[in-house]
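Student: Okay, here's the prediction I keep looking at, along with the sequence it came from:
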Amino acid sequence: MRWDEDQDDVLRECSFRGAAYARDEIERRCGARHSVRAVEVRASRIHCSLMVQTVCPGCGAVGVTLNRTTGLCRLCTERYHLEQERAFAEVIEAERREAEDPERIAAVRRERDMMRQRNSRACRRYGLPSRRERGM
C-alpha cells in the first residue's frame, strides 16, 4: 500500500509514542495497513523520529520527566501539591470556625453549668465536700 499525505500527518502526529502505536493509529484513522518495519522506513524517509517519549497524563506535555510518585510532570505535580495545600487550608479554617462558633460554645457552657449545679446540689444534699473543698 502506498503512503499518502494523511498517513504522513498521522505518523508525524503520533510518532513520539513509537512505531507500533503509529501503525495502529494509521490503520484506525486512514484504514491503511502497514507493518512496523514499513512505518520505521517511512518515518526515516520523512525525517520523523520514532523515539518513544514520556507524556504527562495531566497536561499532555511530550518529552518531560515524570515524577515517580505522582506520575505527572513537574508543573502538574506542583499544581497537585498546591491543590492539596488549598484543601488542607480549607479544613483548618473549617476547624477554626467550628471551635469559635458562639452557639456551640454557649451550648457547652450551658451543659457545664448544668453539671456544676447538679454536683453542687448533690454535695449539699448528702453533706459531701464540694469540689473546691476537695482541691479539684
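Tutor: Yep, it's here.
Student: And the helices in the protein, which stretches?
Tutor: Under the criterion DSSP state H, the chain contains helices at 5-14, 19-30, 36-45, 74-99, 102-126, 131-134.
Student: export those to CSV and tack on mean pLDDT and distance to residue 67?
Tutor: All C-beta spots, glycine's among them, are computed from the backbone N, C-alpha and C. Below are the helices of the chain laid out as CSV (pLDDT from 0 to 100; distance: least, Cβ to Cβ, whole Å):
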stretch, mean pLDDT, distance to residue 67
helix 5-14, 93, 24
helix 19-30, 95, 23
helix 36-45, 95, 30
helix 74-99, 96, 5
helix 102-126, 94, 42
helix 131-134, 86, 58
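Student: out of those, deepest packed?
Tutor: Ranked by mean neighbour count, these are led by helix 19-30 with a mean of 17 (mean count of other Cβ atoms under 10 Å).
Student: who's in contact with stretch 83-98?
Tutor: Contact with stretch 83-98 is made by residue 104, as judged by Cβ atoms under 8 Å, 6 or more residues apart in numbering.
Student: OK, contacts around the residue nearest to the spatial centre of the chain?
Tutor: When Cα atoms, centre = their mean is applied to the chain, the residue found nearest the centroid is residue 80 (5.4 Å). When contacts are counted by Cβ under 8 Å, 6+ apart, residue 80 touches 58, 70, 72.
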